[in-house]
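Okay, here's the prediction I keep looking at, along with the sequence it came from:
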Amino acid sequence: MQRIMVIGVSAGAGKSTFAARLGKALEMDVFHLDAFFWKPGWVEASIEEFTQAQQEMIKNRTSWIVEGNYTATFDIRAEKADTIIYLDLPLRVCLYRVIKRWLTNLGKRRPDLGGECTERMEWAFIKFIISTYRPRKKAMKARLDFYQKDKLVVRLKGKAAIEYFLQEIERSKSSTAS
């Protein structure tokens with residue numbers, strides 16, 4: 001596990017938190033795609049800018065953790081990744097976490113957004129999560145099935161599996177260090 005993609009079923013799956021914890025345990029740099037996509041004031045990067053930023057990010061690095069879905073540029077990361085970790089949580093948990101994150105960070109700037117965007121919530125975002133959850137889940141299964149032929153694909157279903165995986169990584173790194 002040297003070049004790791006962390007993806008999830010939806011917003012609120014815990015990708016940012018998981019990637020940060022994994023990065024700390026593995027002593028690897030973590031990159032949040034939201035920080036490359038969102039410019040100050042919630043302005044979207046063009047697909048060209050977003051693509052180039054990702055290509056530059058992974059170009060000369062031997063190890064990295066990249067967190068975020070962004071299916072339009074998925075293949076840029078997947079081509080170079082050796083590991084894809086998929087966080088699969090129920091829709092109700094994802095929605096709860098998105099709303100909790102919004103309330104917790106209201107008026108603040110989140111580091112996973114590059115520190116340039118103040119937390120916000122829009123009904124369109126909640127609607128997007130609800131309306132795309134099942135189709136995205138189905139599409140992601142097909143995509144992961146394809147990539148597991150030549151990459152390590154780790155599918156973590158539920159909070160307990162996610163926590164167990166992280167604890168095992170942390171345990172193995174701490175026992176190697178001693």
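Noted; the coordinates are in hand. Numbering: from 1, shown residues only.

mind showing which ranges of the protein have poor pLDDT?
115, 176-178 (pLDDT under 70).

List the buried residues for the longest helix that it contains?
Criterion DSSP state H: the longest helix present in the chain is helix 123-147. Residues of helix 123-147 classed as buried by neighbour count (16 or more other C-beta atoms under 10 Å): 129, 133, 136, 140, 143-144, 147. (C-beta placed from N, C-alpha, C; glycine too.)

Tell me the one of those residues nearest residue 79?
residue 147 (9.8 Å; C-beta to C-beta).

Report the separation between that closest one and residue 16.
22 Å (C-beta to C-beta, to the nearest Å).

picking up where we left off before, now the buried residues of helix 123-147 as CSV including distance to residue 100?
Formatted as CSV, these follow (distance: C-beta to C-beta, whole Å):
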residue, distance to residue 100
129, 14
133, 17
136, 21
140, 23
143, 28
144, 27
147, 31
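
Most widely separated two among these?
129 and 147 (23.9 Å).

returning to that earlier point: so which elements touch the longest helix of the chain?
Contacts defined by 3 or more C-beta pairs under 8 Å, 6 or more residues apart in numbering; DSSP states H and E place helix 123-147 against strand 83-88, helix 91-105, strand 152-157.

most neighbours per residue, which of those?
Highest mean neighbour count of those: strand 83-88, a mean of 22 (counted as mean count of other C-beta atoms under 10 Å).

Who does it pair with, and is each partner parallel or antiparallel?
Strands that pair with strand 83-88, judged by DSSP bridges, come out as strand 3-8 (parallel), strand 152-157 (parallel).

right, and the helix or strand after the last one?
Remark: after strand 152-157, the chain's next helix or strand is helix 159-177, criterion DSSP states H and E.

hey, C-alpha coordinates of that following helix in CSV?
The C-alpha coordinates for helix 159-177 follow below in CSV (Å, rounded to 0.1, in the frame of the first residue of the first chain):
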residue,chain,number,x,y,z
LYS,A,159,-18.4,1.6,10.9
ALA,A,160,-17.1,-1.5,12.7
ALA,A,161,-15.2,-2.8,9.7
ILE,A,162,-13.7,0.6,9.0
GLU,A,163,-12.6,1.0,12.6
TYR,A,164,-11.2,-2.6,12.7
PHE,A,165,-9.2,-2.0,9.5
LEU,A,166,-7.7,1.3,10.9
GLN,A,167,-6.8,-0.3,14.2
GLU,A,168,-5.1,-3.2,12.5
ILE,A,169,-3.0,-0.7,10.4
GLU,A,170,-2.2,1.3,13.5
ARG,A,171,-1.3,-1.8,15.5
SER,A,172,1.0,-3.2,12.8
LYS,A,173,2.8,0.1,12.4
SER,A,174,3.3,0.5,16.1
SER,A,175,4.6,-3.0,16.5
THR,A,176,7.0,-2.5,13.6
ALA,A,177,8.3,0.7,15.2
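
Having no further points to raise, I will conclude here.
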